[in-house]
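In: build me a model:
(one chain, ligands or ions: 2)
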Amino acid sequence: MNKTFTLTIDGQSVDAPQDSTIQQVLESINKPAPLICAHEATTPEGLCRQCVVEVEGWRVLAPSCVTKINEGMVIHTASERVIRSRRTILEMLNASVDLSEAPELQAQMDEFGADRERFPHAKTREQDVKDDNPFFVRDYEKCLMCWRCVQACGDDIQYTYSISVGGRGFESKISTFFDSPMPETSCVFCGNCVAVCPTNALKSKTEFFMEQGLDYDEIRQEKRAEKKKMGGGK
Ligand code: SF4
Ligand code: FES
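Out: Ligands and ions are numbered 1, 2, ... in the order given. Down below sits the predicted model:
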């Protein structure tokens, strides 16, 4: 039988199925926590910690996307500690990653009062744009390592496993095996990675060309030439 737990969220008593995550309960009462690494199409991994809430009696804040509820939990979603944590995460991300094309992240920075200049001397993730196929470009200066693309390419959607994580620590990055160009990997260019990317680090070639001022015919010609090159190069 599907049991329910009763918990208290910001003073409100809520009943929910016992196998729910905190985020699922928050969504059911129209109070979803802000997400970065979690996405409806991928499995939550609890990587970014932006969805944290305060649970009374717990030493650390709980990531709501991966934390299961318990009977009698008392949860605060907007305590000073929660807000400060979310704001700091955004400020640190913004200091090292180009979030200029991440509207959801920009909205979160406004909502939590993030200081966009807080860490002016932070090391940034500078690197060249990877433009090696007719379908999408990869601009990893904009990558905040949320893993959504890796999950979409793997077990969550496509089962292609073309992209993974390479390097260590600050130098870790999303990459292909041996950093090979995309056409030399198992990639089938399904576009699922592009669809789940929150920052435009992965961008369709059409959008990329449009930003450069190319019109429809020019884009078609460019893509046709690139496809020909890719086919001939294999
Ligand atoms: S490329 Fe996009 S989806 Fe992939 S880890 Fe980076 S930000 Fe996330
Ligand atoms: S959204 Fe929950 S940890 Fe990233």
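In: residues of this structure that sit close to ligand 1?
Out: With Cβ under 6 Å from any ligand atom as the criterion, the chain meets ligand 1 at residues 143-149, 174, 196-199, 201-202. (Glycine included, C-beta is placed from N, CA and C.)
In: need those residues in CSV (columns: pLDDT, neighbour count and secondary structure).
Out: Shown next, in CSV, are the residues of the chain next to ligand 1 (pLDDT from 0 to 100; neighbours: other Cβ atoms under 10 Å; DSSP: H, G, I helix; E, B strand; the rest coil):
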residue, pLDDT, neighbour count, secondary structure
143, 96, 21, coil
144, 94, 24, coil
145, 95, 19, coil
146, 96, 25, coil
147, 95, 22, coil
148, 97, 28, helix
149, 97, 24, helix
174, 94, 23, strand
196, 97, 22, helix
197, 97, 24, coil
198, 97, 22, coil
199, 97, 25, coil
201, 97, 26, coil
202, 97, 26, strand
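In: quick check, nearest of these to residue 99?
Out: Residue 99 lies nearest to residue 199 out of the residues of the chain next to ligand 1, by Cβ to Cβ, at 6.2 Å.
In: which ones are touching the closest one?
Out: 97, 98, 99, 101, 102, 105, 142, 143, 144 (Cβ atoms under 8 Å, 6 or more residues apart in numbering).
In: change it to 10 Å
Out: Each residue near residue 199 by Cβ atoms under 10 Å, 6 or more residues apart in numbering is listed here: 36, 93, 97-105, 139-144, 146, 148.
In: and for it, nearest residue in space, chain neighbours not counted?
Out: Spatial nearest neighbour of residue 199, chain neighbours left out: residue 102 (4.1 Å); criterion: Cβ to Cβ, 6 or more residues apart in numbering.
In: which residues does that neighbour contact?
Out: Contacts of residue 102 by Cβ under 10 Å, 6+ apart are 36, 93, 94, 108, 109, 142, 144, 197, 198, 199, 200, 201.
In: ok so, going back, mind checking which of the contacts of residue 199 are in helices?
Out: Counting by DSSP state H, these place 93, 103, 104, 105, 148 in helices.
In: looking at the residues you listed, state which has the most neighbours.
Out: residue 148 (28 neighbours; other Cβ atoms under 10 Å).
In: tell me the contacts of that one?
Out: Contacts of residue 148 (Cβ under 10 Å, 6+ apart): 36-39, 41-43, 45, 47, 156, 174, 192-193, 195-199, 202.
In: now do 8 Å
Out: 37, 39, 41, 42, 193, 196, 197, 198.
In: again, but for residue 18
Out: Residue 18 neighbours (Cβ under 8 Å, 6+ apart): 2, 3, 4, 5, 69, 71.
In: give me the pLDDT for residue 94.
Out: pLDDT, the model's per-residue confidence, is 97 for residue 94.
In: how near is it to residue 78?
Out: 21 Å (Cβ to Cβ, to the nearest Å).
In: okay, these two: which has more neighbours?
Out: Set residue 94 next to residue 78 and count neighbours by other Cβ under 10 Å: residue 94 wins out with 23 against 13.
In: fine by me, thanks again.
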